[in-house]
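Student: For reference, the sequence and a predicted model appear below.
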Amino acid sequence: MANLSRTRTVFGFTSPRTIEKIIPEIKILVDNFSNQEWNTETQIQYFKHLFASGFYEGAKMPSNIAFAARDRITRAPKALGFVDLKPVINLTDVGVQLLKNKRIHEVIARQLFKFQLPSPYHRIPSDRNFNVKPYLELLRLVAKLGNISKIEVAIFFVQMTNYNKFDEIVRSIIRFRKAISNYKGNRKVFINDVFTQEIEKIYSTEIEANDLKTRESDNITFDKFIKTKRNNHIDYADAFIRYLRATHLITFDKKTFRMIVAPSRKTDVEYILSNVDREVRIFRTEGDYKRYLFNPDTIQLLADDRGYVEGQLKKLSVEFDDKLDTESLKDLLEITEARLISEAIKETEIALKHYREFDDILDVFLKIQKMEVPDPPLYLEWNVWRAMVMLNYAKRVKGNFTLDLDGIPLNTALGNKPDIEVDYHGFKIIVEVTMSSGNRQYEMEGEPVARHFGKVQNNSSVPVYCLFIAPKISEGALAHFYNLNKMYTRAYGGMTRIIPMNLSQFVTFITTAKERGFDNAQNLKAYFDSIIELNFTTADEAQWYQRINETVPAWT
């Protein structure tokens with residue numbers, strides 16, 4: 001049972017940050033440890049299996065392996081009812097549905113809207129007056145306000161510990177919006193001041209008692225306390241948005257990047273907000289709670305209604321057999337929606353050709369660098385794909401991210417695939433992007449980038465190049481790629497051809513293509529070959545990177 005004795009806000013699941021990543025992690029658990037006790041030994045063995053998997057991100061084994069395992073399993077997978085850990089490890093009925101990888105957005109939606117505070121899994125002191133289903137109320141807040149930003153979620157929504165506070169939170173956000181629109185000074189300073197004031201209000205009891213120690217640090221000062229809480233709230237906001245996004249019920253406005261109800265799902269949202277009870281349930285025992293949590297049918301969605309599904313198919317002019325059961329009709333609707341998304345991608349590719357969206361692409365890169373988009377890794381991946389499509393003269397540019405029905409990026413590429421794959425006549429490029437920096441960049445990207453390169457090269461009859469893009473290239477990642485390019489590695493198909501560029505350099509790269517009239521893919525191959533040749537003739541990685549920087553403005 002989670003110890004939440006110090007909790008004064010709602011919290012999002014920050015590990016993993018993207019809920020879909022729990023699917024292969026749960027599969028490793030149940031495939032190898034079903035019917036075993038969830039103890040220190042199984043936790044260590046589980047994490048070793050996870051670490052050895054092809055989708056785990058990171059090259060360094062954590063110092064506390066058992067804690068790292070608990071961090072992956074006892075948060076989202078257990079709390080949302082996909083696995084049962086007591087008395088032994090088992091997959092639940094909703095877990096079975098999740099691992100089928102079939103309409104997982106519906107499976108996730110049902111479990112998110114069941115999640116409540118308090119619960120038998122999350123005891124909270126009664127004087128805190130918790131009575132809330134956080135994901136349900138966040139969905140309601142988006143619908144009520146029309147849109148919401150991550151900073152508004154971090155400052156105000158996390159205070160919704162009881163659904164009876166809903167109207168109060170709405171008024172607070174409206175006042176905040178009016179105040180910031182009338183403020184003539186520095187916008188960032190204003191937001192930080194409001195954020196600090198709200199934190200002081202939330203944690204007034206701790207501040208008055210000088211109880212400023214946090215789990216993250218032994219540095220006991222008021223400023224450190226405020227900074228830690230602010231960072232925690234931002235992490236929770238990010239997690240809430242990512243998890244709710246996985247239901248497909250919300251999306252992002254194309255211009256403001258604020259969270260909105262997905263236009264294609266408005267009726268679904270109205271149904272949920274009208275039919276899912278806001279009041280938390282009271283359970284006599286943990287067993288009663290499990291029976292509720294593990295049951296796939298305790299919350300109904302509009303998509304479960306046969307008449308609704310038939311109506312959606314008719315709206316899309318899809319013919320179907322009346323004798324088909326509801327699940328088969330939902331399969332048909334899902335196939336049709338996937339086709340619509342594919343058609344939308346093709347239309348987007350046509351619009352991107354010949355630099356028609358050039359200014360918008362540059363604007364999105366600028367917003368990514370300023371962290372003004374809701375999910376920077378996802379938007380970086382999507383916007384680099386747009387840029388590669390814009391360059392033109394490729395046979396195929398495939399982004400392995402996913403889009404929603406409204407054409408907005410939904411999820412980054414899975415861990416076992418390159419982010420972007422580009423086929424040209426006579427060569428291929430894979431593109432890997434990351435928002436990570438410093439040592440974390442090398443730890444997270446060093447081995448996976450090389451592995452993805454090797455997988456593609458070993459299955460290709462033409463040379464493969466890898467373009468690695470990050471806001472800033474870390475010294476560790478740079479040195480790793482510089483040396484790896486010089487070594488023959490059988491697993492990677494021989495010598496790698498990995499070319500690092502920071503985001504500013506990549507923007508210069510595509511700007512050069514536009515201004516100098518790039519129209520021959522072989523010029524791109526010749527440029528990449530020259531960069532790899534410099535890898536062998538420069539004295540060290542710093543000199544090599546400097547030469548890359550010097551050549552980008554005149555590459556074609």
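Tutor: That came in fine, so what should we check first?
Student: quick one: I173 and E152 touch, right?
Tutor: Yes. Judged on C-beta atoms under 8 Å, I173 makes contact with E152 at a distance of 5.4 Å. (C-beta placed from N, C-alpha, C; glycine too.)
Student: Give me the residue ranges of the stretch 451-556 of the chain where confidence is low.
Tutor: By pLDDT under 70, the stretch 451-556 of the chain has no low-scoring segment.
Student: how about the helices in it?
Tutor: Ranges of helices in the stretch 451-556 of the chain, per DSSP state H, counting those that start in this stretch, are 475-484, 503-515, 521-537, 541-551.
Student: One more: the stretch 101-250 of the chain?
Tutor: With helices called from DSSP H, counting those that start in this stretch, the stretch 101-250 of the chain shows them at 104-114, 134-145, 150-155, 166-182, 187-202, 204-208, 222-245.
Student: rank these by pLDDT, which is bottom?
Tutor: Mean pLDDT values for the helices of the stretch 101-250 of the chain show the minimum at helix 204-208, a mean of 87.
Student: C-alpha coordinates for it, CSV please?
Tutor: Extracted C-alpha coordinates of helix 204-208, given in CSV (Å, rounded to 0.1, in the frame of the first residue of the first chain):
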residue,chain,number,x,y,z
SER,A,204,1.3,26.1,4.4
THR,A,205,1.2,23.6,7.3
GLU,A,206,4.7,22.3,6.4
ILE,A,207,6.1,25.8,5.8
GLU,A,208,4.7,27.1,9.2
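Student: Can you mark which positions in it are buried?
Tutor: Taking 16 or more other C-beta atoms under 10 Å as the neighbour-count basis, helix 204-208 is seen to contain the buried residues 206-207.
Student: now swap in stretch 119-128 and tell me
Tutor: The neighbour-count criterion (16+ other C-beta under 10 Å) identifies 119-124, 128 as the buried residues of stretch 119-128.
Student: got it, and stretch 414-430?
Tutor: For stretch 414-430, burial by neighbour count (16+ other C-beta under 10 Å) applies to 414, 417-424, 427-430.
Student: Could you export these as JSON lines, including pLDDT and distance to I26?
Tutor: JSON lines is the format used below for these (pLDDT from 0 to 100; distance: C-beta to C-beta, whole Å):
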{"residue": "L414", "pLDDT": "71", "distance to I26": "15"}
{"residue": "K417", "pLDDT": "82", "distance to I26": "20"}
{"residue": "P418", "pLDDT": "91", "distance to I26": "25"}
{"residue": "D419", "pLDDT": "92", "distance to I26": "24"}
{"residue": "I420", "pLDDT": "95", "distance to I26": "28"}
{"residue": "E421", "pLDDT": "95", "distance to I26": "28"}
{"residue": "V422", "pLDDT": "95", "distance to I26": "33"}
{"residue": "D423", "pLDDT": "95", "distance to I26": "34"}
{"residue": "Y424", "pLDDT": "94", "distance to I26": "39"}
{"residue": "F427", "pLDDT": "96", "distance to I26": "39"}
{"residue": "K428", "pLDDT": "96", "distance to I26": "33"}
{"residue": "I429", "pLDDT": "97", "distance to I26": "34"}
{"residue": "I430", "pLDDT": "96", "distance to I26": "28"}
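Student: ok, back up a step: can you list which of the buried residues of stretch 119-128 are found in strands?
Tutor: Counting by DSSP state E, the part of the buried residues of stretch 119-128 found in strands is 122-123.
Student: Can you give the domain ranges for the protein?
Tutor: Residue ranges for the domains of the chain, per automatic domain parsing: 2-292, 357-554.
Student: so which of the ones you listed gets nearest S328?
Tutor: domain 2-292 (12.0 Å; C-beta to C-beta).
Student: all strands of the stretch 251-400 of the chain, in order?
Tutor: Counting by DSSP state E, counting those that start in this stretch, the segments of the stretch 251-400 of the chain that form strands are 259-261, 396-399.
Student: worst average pLDDT in these?
Tutor: For the strands of the stretch 251-400 of the chain, the stretch scoring lowest in mean pLDDT is strand 396-399; its value is a mean of 92.
Student: Contacts only, for Y465.
Tutor: Going by C-beta atoms under 8 Å, 6 or more residues apart in numbering, Y465 touches 427-430, 497-499, 525, 528, 532.
Student: R123 and L4 touch, don't they?
Tutor: Yes. Proximity of R123 to L4 meets the contact threshold set by C-beta under 8 Å, at 6.6 Å.
Student: roughly how far is the helix ranked longest in the chain from the heart of the chain?
Tutor: Once the chain is assigned using DSSP state H, the helix that runs over the most residues is helix 326-352. The gap between where helix 326-352 is centred and where its chain is centred comes out at 22 Å by C-alpha atoms, centre = their mean, to the nearest Å.
Student: got it, and stretch 231-244?
Tutor: So, by C-alpha atoms, centre = their mean, the centroid of stretch 231-244 is 10 Å from its chain's centroid.
Student: buried residues in that stretch?
Tutor: Buried residues in stretch 231-244, defined by neighbour count with 16+ other C-beta under 10 Å: 232-244.
Student: for stretch 18-38, same thing?
Tutor: When neighbours are counted by 16+ other C-beta under 10 Å, the buried residues of stretch 18-38 are found to be 18-30, 33, 38.
Student: For that stretch, give the mean pLDDT please.
Tutor: Predicted confidence along stretch 18-38 averages 94 (mean pLDDT).
Student: which outside residues touch it?
Tutor: Applying C-beta under 8 Å, 6+ apart, the contact partners of stretch 18-38 are 13, 16, 42, 45-46, 49-50, 53, 55, 72-73, 76-77, 82-83, 85-91, 95, 98-99, 101, 104, 108, 242-243, 246, 411-412, 415.
Student: now those residues: which count as buried?
Tutor: Neighbour-count burial within those applies to 13, 16, 42, 45-46, 49-50, 72-73, 76-77, 82-83, 85, 89-91, 95, 98-99, 104, 108, 242-243, 246, 411-412; the criterion is 16+ other C-beta under 10 Å.
Student: if you look at those, which of them are in helices?
Tutor: The subset of the buried ones among the contacts of stretch 18-38 that ends up in helices is 42, 45-46, 49-50, 72-73, 76-77, 95, 98-99, 104, 108, 242-243, with DSSP H as the criterion.
Student: If I follow the layout properly, G426 ends up in contact with L524?
Tutor: No. Checked against C-beta under 8 Å, the pair G426 and L524 is beyond contact range at 10.7 Å.
Student: Quick check: pLDDT value at N3.
Tutor: The predicted local confidence for N3 comes out at a pLDDT of 64.
Student: what does the one 5 residues further on give?
Tutor: Per-residue pLDDT puts R8 at 91.
Student: With the one 3 residues further on instead?
Tutor: With respect to pLDDT, F11 has a value of 92.
Student: any idea how far it lies from R245?
Tutor: Using C-beta to C-beta, to the nearest Å, we find F11 at a distance of 17 Å from R245.
Student: got it, and D360?
Tutor: Using C-beta to C-beta, we find D360 at a distance of 22 Å from R245.
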